[in-house]
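Student: from the sequence below, what's the structure:
(one chain, ligands or ions: 1)
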Amino acid sequence: MAAFKTLDSADLAGKRVLVRVDLNVPMENGRVTDATRIDSILPTIREISGKGAKVILLAHFGRPKGGPDKENSLQPLAAALSAHLGAPVAFADDCIGDVAASAIAAMKAGSVLLLENTRFHKGEEKNDPAFVAELAKLGDVYVNDAFSAAHRAHASTEGLAHKLPAYAGRTMQQEIEAISAALESPKHPVAAVVGGAKVSTKLELLGNLVKKVDILIIGGGMANTFLAAQGKHVGKSLCEKDMLDTARSILEAGKAANCTICLPVDVVVAKEFKAHAANRVVDVDHVADDEMILDAGPKSVVEVERLFEKAKTLVWNGPFGAFELQPFDAATNAAARKAADLTDAGALMSLAGGGDTVSALNQAGVGERFSYISTAGGAFLEWLEGKALPGVEALRA
Ligand code: AMP
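Tutor: Sure thing, here's the model as predicted:
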């Protein structure tokens with residue numbers, strides 16, 4: 001894998017630096033409800049500002065329909081970012097043209113300016129060369145710190161990297177290094193947990209991981225489809241009947257690649273999909289017709305823990321059960337704690353990511369104790385699927 005350039009080698013003093021960040025944060029009534037993404041870009045902003053450059057932030061927000069609309073304006077984010085940064089953040093009403101150019105001309109070295117939503121121009125998502133050229137006019141250097149948008153080849157995430165000297169920001173760098181350490185050149189044995197609702201949404205991920213990891217632990221609703229593919233009765237469980245052949249071919253691919261595939265041996269079943277529903281533990285051969293599997297059982301957890309102890313590297317995406325409903329979060333919590341303990345002991349490098357996984361691990365109280373948790377969602381999953389991310393590829397030297 002070709003290396004990418006980091007801020008270590010960037011000459012920034014006195015330069016206009018266009019920094020692509022992720023400010024697509026959840027908001028309610030004009031207030032940010034989760035500032036994780038804001039906090040993650042602060043080191044890069046501070047470093048570039050500290051080197052005496054003009055920090056010009058490019059970002060998208062929401063899904064505007066190719067023109068400006070108040071609902072998707074980044075304006076409220078300038079104040080929110082300023083509060084976290086502890087320094088003023090100016091705002092310009094457009095990300096190209098005279099409005100942007102004069103705001104940049106008025107900046108002092110080391111100051112920070114946020115430009116309006118790049119998606120207010122159709123050229124952003126089309127990666128239109130004319131729009132890329134308009135953006136490129138505004139800067140001398142391009143820094144991409146938005147790993148979470150790197151699976152999209154848009155003007156501000158990909159196109160610009162070909163027009164200006166391009167570098168990875170610190171968050172982008174950390175994310176690429178953590179994921180590479182887990183999948184490109186990991187310490188073996190490598191174990192992967194793939195849980196969550198459906199096989200159909202994680203087919204490519206399973207297909208890639210089965211070739212790359214030594215141990216594949218399948219959990220969540222998708223395990224039901226694998227159990228059904230092995231001829232087990234799964235009652236009313238979430239199960240994709242049209243995926244049984246696919247599940248069988250993944251099991252075969254695992255055998256061919258010498259990958260140990262682990263499925264639940266016992267499960268927690270209930271008759272209703274709700275918190276605190278009456279439930280019982282049964283082994284996978286004894287699920288009744290009116291029952292549904294909502295979590296992995298205690299014997300399965302012991303097996304998962306044993307496999308974690310064998311592993312040196314762990315990649316985790318997806319919960320073991322319907323973790324939003326207690327007590328069906330038990331297997332996810334127990335396995336997460338085990339992974340965190342092994343990580344604390346220096347025996348395991350643990351990497352987790354993808355939407356629900358982050359909330360499941362935070363709910364288990366171990367988010368901070370994993371080696372690395374990616375909040376990148378789609379980009380993280382595409383990397384696990386073995387796909388090249390355009391925003392990352394464009395930074396390779
Ligand atoms: P995903 O977005 O694919 O990672 O799936 C996460 C979702 O899978 C969560 O909302 C869980 O509640 C759900 N889930 C996990 N296990 C089960 C199960 N056995 N039955 C139904 N839903 C499940």
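Student: ok, S9 touching Y167?
Tutor: Yes - using CB atoms under 8 Å, S9 is in contact with Y167, at 7.4 Å. Where you see a C-beta, it was placed from the backbone N, CA and C, and this is true even at glycine.
Student: more neighbours, the two?
Tutor: A direct count of neighbours by other CB atoms under 10 Å for S9 and Y167 places Y167 higher, at 27 against 9.
Student: let me see the contact set for that one.
Tutor: Residues near Y167 by CB atoms under 8 Å, 6 or more residues apart in numbering: 4-7, 9-10, 141-144, 395.
Student: and the gap between it and A146?
Tutor: 13 Å (CB to CB, to the nearest Å).
Student: likewise for E158?
Tutor: In this view, E158 and A146 are 11 Å apart by CB to CB.
Student: which neighbours do the two have in common?
Tutor: Here E158 and A146 have G391 as joint contacts, going by CB under 8 Å, 6+ apart.
Student: between those two, which one's more packed in?
Tutor: Counting neighbours by other CB under 10 Å for E158 and for A146 shows that A146 has the greater number, 29 against 24.
Student: what sits against the nearest residue to the more buried one once chain neighbours are set aside?
Tutor: Sequence neighbours aside, D22 is the residue nearest to A146 in space, at 4.2 Å (criterion: CB to CB, 6 or more residues apart in numbering). Shown in contact with D22 (CB under 8 Å, 6+ apart): 37, 40-41, 59, 145-149.
Student: now do the SS call for the closest residue to the ligand within the stretch 1-150 of the chain.
Tutor: Nearest residue of the stretch 1-150 of the chain to the ligand: S148, at 16.3 Å (CB to the nearest ligand atom). Following DSSP: H, G, I helix; E, B strand; the rest coil, the label given to S148 is helix.
Student: re the thing from before, what about the contacts of Y167, which are in strands?
Tutor: 141-144 (DSSP state E).
Student: hang on, the earlier thing: by neighbour count, which of the contacts of Y167 wins?
Tutor: Busiest of the contacts of Y167 [other CB under 10 Å] is V143, holding 36 neighbours.
Student: circling back to that earlier point, could I get the ones in strands among the contacts of Y167 as CSV with pLDDT and distance to T225?
Tutor: Shown next, in CSV, are those (pLDDT from 0 to 100; distance: CB to CB, whole Å):
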residue, pLDDT, distance to T225
V141, 98, 49
Y142, 98, 44
V143, 98, 43
N144, 98, 38
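Student: tell me where the protein has helices.
Tutor: 36-50, 75-85, 97-105, 122-126, 129-136, 170-183, 203-212, 220-229, 244-256, 298-310, 330-344, 355-363, 378-384, 390-393 (DSSP state H).
Student: and those helices, which one averages the lowest pLDDT?
Tutor: Note on the helices of the chain: lowest mean pLDDT is at helix 355-363, with a mean of 87.
Student: okay, the angle between it and helix 36-50?
Tutor: Relative orientation of helix 355-363 versus helix 36-50 (axes from the mean of the first three to the mean of the last three CA atoms, to 10 degrees): 90 degrees.
Student: leaving out sequence neighbours, find the closest residue to the residue of the chain found nearest the ligand.
Tutor: Using CB to the nearest ligand atom, the closest approach of the chain to the ligand is made by G196 at 2.6 Å. Leaving aside its chain neighbours, G196 sits nearest to G318 (3.1 Å; criterion: CB to CB, 6+ apart).
Student: touching, the one you found and V199? I think so.
Tutor: No - between G318 and V199 there is no contact under CB under 8 Å: 11.0 Å.
Student: intersection of neighbour lists for the two?
Tutor: M222.
Student: is the ligand contacted by stretch 277-293?
Tutor: Yes - counting by CB under 6 Å from any ligand atom, the ligand has neighbours in stretch 277-293: I293.
Student: that stretch: end-to-end distance?
Tutor: 12 Å (CA to CA, to the nearest Å).
Student: what comes into contact with that stretch?
Tutor: Contacts for stretch 277-293 (CB under 8 Å, 6+ apart): 221, 223-224, 227, 232-238, 263-273, 294, 297-299, 325, 327-328.
Student: just these: which are in strands?
Tutor: Per DSSP E, the subset of the contacts of stretch 277-293 in strands is 266-270, 294.
Student: just the buried residues from the residues you listed, in ChimeraX please.
Tutor: ChimeraX command restricting those to the buried ones, with burial defined by 16 or more other CB atoms under 10 Å:
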select :266,267,268,269,270,294
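Student: JSON lines please, covering the ones in strands among the contacts of stretch 277-293 and showing distance to R46 and pLDDT.
Tutor: What follows is those, written out as JSON lines (distance: CB to CB, whole Å; pLDDT from 0 to 100):
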{"residue": "D266", "distance to R46": "50", "pLDDT": "98"}
{"residue": "V267", "distance to R46": "49", "pLDDT": "98"}
{"residue": "V268", "distance to R46": "47", "pLDDT": "98"}
{"residue": "V269", "distance to R46": "52", "pLDDT": "98"}
{"residue": "A270", "distance to R46": "50", "pLDDT": "98"}
{"residue": "L294", "distance to R46": "45", "pLDDT": "98"}
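Student: export the ones in strands among the contacts of stretch 277-293 to a markdown table and tack on distance to the ligand?
Tutor: Shown next, in a markdown table, are these (distance: CB to the nearest ligand atom, whole Å):
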| residue | distance to the ligand |
| --- | --- |
| D266 | 13 |
| V267 | 8 |
| V268 | 9 |
| V269 | 9 |
| A270 | 10 |
| L294 | 5 |
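Student: among the ones in strands among the contacts of stretch 277-293, pick out the one closest to V89, please.
Tutor: Checking the ones in strands among the contacts of stretch 277-293 against V89 with CB to CB, the nearest one is L294 at 45.7 Å.
Student: what does the stretch 151-300 of the chain put close to the ligand?
Tutor: Proximity of the stretch 151-300 of the chain to the ligand, by CB under 6 Å from any ligand atom, involves residues 196-197, 201, 220-221, 238, 293-294.
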